[in-house]
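Enquirer: have a look at this prediction, sequence included:
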Amino acid sequence: MIKAVRGTRDLLPPDTALWNFVERKVREVFARYNYQEIRTPVFESTELFSRGVGEETDIVSKEMFTWEDKARAASEKTQSLTLRPENTAGVVRAYIEHELGRSGLLQKLYYIGPQFRRERPQKGRYRQFFQIGAEVIGPQTAGSELPMRDAEALDMLTSLMDAVGLKGWTLYLNSVGCQECRPRYNQALREALAGVKDKLCSDCQRRAETNPLRVLDCKVPEDQDIINALPKIAEYLDEGCRTHFAEVCAILDTLGVPYQVNPRMVRGLDYYTRTTFEFTHGELGAQSAMLGGGRYDGLSEQIGGPKAPGIGFAIGEDRLVLALQAQQTEAAEPLPAFVMPLGKGTNRHAMKLARELRSAGIAVDVSDESFRLKKSFETAEKLGAKYAVIVGENEVAADAFNVKDLKSGEQKTIARAELAAFLAG
RNA sequence: GUGGGUAUAGUUCAAUGGUGGAACGCCGGUCUGUGGCACCGGAUGGUGUGGGUUCGAGUCCCACUACCCACCCCA
């Protein structure tokens, strides 16, 4: 049997109803904040990610699906392509390529789509997974660098959590500084780590060399006291970064958006500057990060574009759905009516009635005249239909149909002309 | 990439080394124009793949693969 490949999966009904529910709420809420949809290609030139996301990150160094696309003609070039492991780089590439900054306006863009990383699958982690993301990017004259943009994105996210009805999340907030002050912090951290490294876990000893910031993320209990005593990023932020972060927090306080500053929260992508954040949820097991994001004031230049500060986030849609399922969110709509032909030659009459009801905007499904009425009722029950509409010879002759409420068992005869209105009400 | 666990019917699970079962689901009937209940009957796998041990292997051993969980990392 041919099966879905490792780390990929089929999303089947009734689960897809929940996915659709989430995506519908996303579009509604994001539209209220004046975001518009962007769709970028699923694969891009490998260079976009190595330059944008960062050569040293785990994503680029070992998790990308990359292949050499061979030249098929003398005029073609061989090029290295990669299935996108995230979508921010693609959006910024499109921003640069289409010179969106020339409008002078802030670009408020969102996307929904599959991303690909070659990791070992586990709960909430798949090789093809879905992200819902948004980016606010533009020239500084459009206000792209302002703390209120950061706050607005977070405000929008809490609105989305409310709209989908998700409870039990926590928003962690931090600032990782900028090109100027982060290197100074990194240096201080390395120096501090040099003294205590031997007392830390083996992972941390490795991280102290390769990526000191990651040490802050360590969860080994014995390491915690030592890590808490390390220098804090907040103490190293320069004046601009410090006031920026303070203003983000002040706006969130005014809006009543609940958050926790977590000076130890670090993010794995190189492009983040200043504000970073993460929403976690307790139902997600080890992959507790349900969404993450932050500011990336230098990304555009990093990949050859103009200065275009921005802030964005990505929601792990798979994880959001998992969290909603854990709290038993039901999204499937019941089928309003099941049309049941009864007796030889009634299929066509049932089809005609179904067509009329569907044109009137009512979702219906149709049984078959060869079914005994009992079987039609059983099928209606299994489909979760609200009403059963019998189309037998008597009904066809009278042009009025027996309609039964499947929950109460109540049954009445309704004329063809009134049927759609009755089912809709 | 590393570690642990698991792999038997559509699903959830049974089966002291001795002819593979149950429940639910599915199909039909009791019941030819009125479902949910009940009863009766039926179909469905040869045990993830490949080797080995044995008179005999879901059952023991080895390898591989897949899935789950965790590490790592991230959404």
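Expert: Looks like it came in fine. Numbering: from 1, shown residues only, chains lettered A, B, ... in the order given.
Enquirer: where do the helices sit along the stretch 251-400 of chain A?
Expert: Using DSSP state H, counting those that start in this stretch, the helices of the stretch 251-400 of chain A run over A:299-302, A:317-326, A:347-359, A:373-383, A:393-398.
Enquirer: tabulate the ones you listed (TSV), appending mean pLDDT, mean neighbour count and distance to residue A:140.
Expert: Where you see a C-beta, it was placed from the backbone N, CA and C, and this is true even at glycine. Shown next, in TSV, are the helices of the stretch 251-400 of chain A (pLDDT from 0 to 100; neighbours: other CB atoms under 10 Å; distance: least, CB to CB, whole Å):
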stretch	mean pLDDT	mean neighbour count	distance to residue A:140
helix A:299-302	95	20	11
helix A:317-326	92	21	32
helix A:347-359	96	17	52
helix A:373-383	92	15	56
helix A:393-398	94	15	70
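Enquirer: put together a markdown table for the ones you listed, with distance to RNA strand B on each row.
Expert: Output for the helices of the stretch 251-400 of chain A, formatted as a markdown table (distance: least, CB to the nearest atom of the strand, whole Å):
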| stretch | distance to RNA strand B |
| --- | --- |
| helix A:299-302 | 13 |
| helix A:317-326 | 5 |
| helix A:347-359 | 11 |
| helix A:373-383 | 3 |
| helix A:393-398 | 3 |
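Enquirer: so which elements touch the helix or strand hosting residue A:17?
Expert: Assessed by DSSP states H and E, residue A:17 sits inside helix A:15-32. Applying 3 or more CB pairs under 8 Å, 6 or more residues apart in numbering; DSSP states H and E, one finds that helix A:15-32 contacts strand A:107-116, strand A:128-137, helix A:147-164, helix A:317-326.
Enquirer: run the angle between it and helix A:317-326 for me.
Expert: With axes from the mean of the first three to the mean of the last three CA atoms, to 10 degrees applied, the angle from helix A:15-32 to helix A:317-326 works out at 110 degrees.
Enquirer: show me what counts as buried in helix A:15-32.
Expert: Neighbour-count burial for helix A:15-32 flags A:18-19, A:21-22, A:25-26, A:29-30 (criterion: 16 or more other CB atoms under 10 Å).
Enquirer: point out where chain A drops to low pLDDT.
Expert: The model of chain A has no residue with pLDDT under 70.
Enquirer: so what's residue A:128 bridging to?
Expert: On the basis of DSSP bridges, residue A:128 is bridged to residue A:116.
Enquirer: residues touching it, list them.
Expert: A:7-9, A:114-116 (CB atoms under 8 Å, 6 or more residues apart in numbering).
Enquirer: distance of it from residue A:119?
Expert: 11 Å (CB to CB, to the nearest Å).
Enquirer: what's the overlap in contacts for those two?
Expert: Common contacts of residue A:128 and residue A:119, defined by CB under 8 Å, 6+ apart, comprise residue A:7.
Enquirer: contacting residues for residue A:109?
Expert: Contacts of residue A:109 (CB under 8 Å, 6+ apart): A:35-38, A:91, A:134-137.
Enquirer: double-check that residue A:53 belongs to a strand.
Expert: No: assigned with DSSP: H, G, I helix; E, B strand; the rest coil, residue A:53 falls outside any strand and is helix.
Enquirer: what about residue A:64, how many neighbours?
Expert: Residue A:64: 19 surrounding residues under other CB atoms under 10 Å.
Enquirer: my read: it touches residue A:45, true?
Expert: No: the pair residue A:64 / residue A:45 is not scored as a contact, 11.9 Å apart, by CB atoms under 8 Å.
Enquirer: which neighbours do these two have in common?
Expert: Listed as contacting both residue A:64 and residue A:45 by CB under 8 Å, 6+ apart are residue A:82.
Enquirer: now residue A:313: how far from RNA strand B?
Expert: Using CB to the nearest atom of the strand, to the nearest Å, residue A:313 is found at 8 Å from RNA strand B.
Enquirer: what's the closest non-adjacent residue to that residue?
Expert: Closest residue to residue A:313 apart from its sequence neighbours, by CB to CB, 6 or more residues apart in numbering: residue A:293 at 2.6 Å.
Enquirer: and the residue of chain A found nearest RNA strand B, what is it in contact with?
Expert: At 1.3 Å from RNA strand B, residue A:268 is the closest residue in chain A, using CB to the nearest atom of the strand. Taking CB under 8 Å, 6+ apart, we find residue A:268 in contact with A:57-59, A:214.
Enquirer: ok, which of these also contact RNA strand B?
Expert: Among the contacts of residue A:268, the ones lying near RNA strand B by CB under 7 Å from any atom of the strand are A:57-59, A:214.
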